[in-house]
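Student: Requesting a structural model of the entry that follows:
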Amino acid sequence: MTFLFVSASAFAQSVKISGTIVDEAGLPVIGVAVLQQGTTNGAATDFDGKYSLSVPKEATIVVSCIGYQNQTFVIGDRITYDLILKEDTQLLEETLVIGYGVQNYRK
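Tutor: Coordinates of the predicted model:
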């Protein structure tokens, strides 16, 4: 008698998704994190705002970037997901930049 043990993940269908992420002006956003929720599986957008990522079908994807509102979507039948990120004005209003400098003078 032979037993066959196969994990449930072996039956999960994996799909490769891709797309372009732009801002409200239509300009590509570089370095946007595109992550499968609850895992370390992810990618970042390139210079043209493009990304690609292999994920299980029906996975939840979280898209985040500093200065923009996070977006979440669930993988369906499509393989291309183009997104427009909206600025997070509340975050931008609370940003404070402080600079420190040291100068040495000689006589």
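
Student: average pLDDT for the helix or strand where residue 90 lies?
Tutor: Element membership for residue 90 (DSSP states H and E) is helix 89-93. For helix 89-93, mean pLDDT rounds to 63.

Student: Distance from stretch 73-83 to the middle of the chain?
Tutor: Mean-position distance between stretch 73-83 and its chain equals 13 Å (C-alpha atoms, centre = their mean, to the nearest Å).

Student: buried stuff in it?
Tutor: Across stretch 73-83, burial judged by 16 or more other C-beta atoms under 10 Å covers 75, 81, 83. Backbone N, C-alpha and C define where each C-beta goes, glycine included.

Student: ok, residues contacting the strand ranked longest in the chain?
Tutor: Taking DSSP state E as the criterion, the chain has its longest strand at strand 14-22. Contact with strand 14-22 is made by 28-29, 32, 34, 45, 48-57, 61, 63, 75, 78-85, as judged by C-beta atoms under 8 Å, 6 or more residues apart in numbering.

Student: Now it: buried residues?
Tutor: 15, 17, 19-22.

Student: And the strands in this protein?
Tutor: Under DSSP E, the chain gives strands at 14-22, 33-36, 42-44, 50-56, 60-64, 71-74, 83-84.
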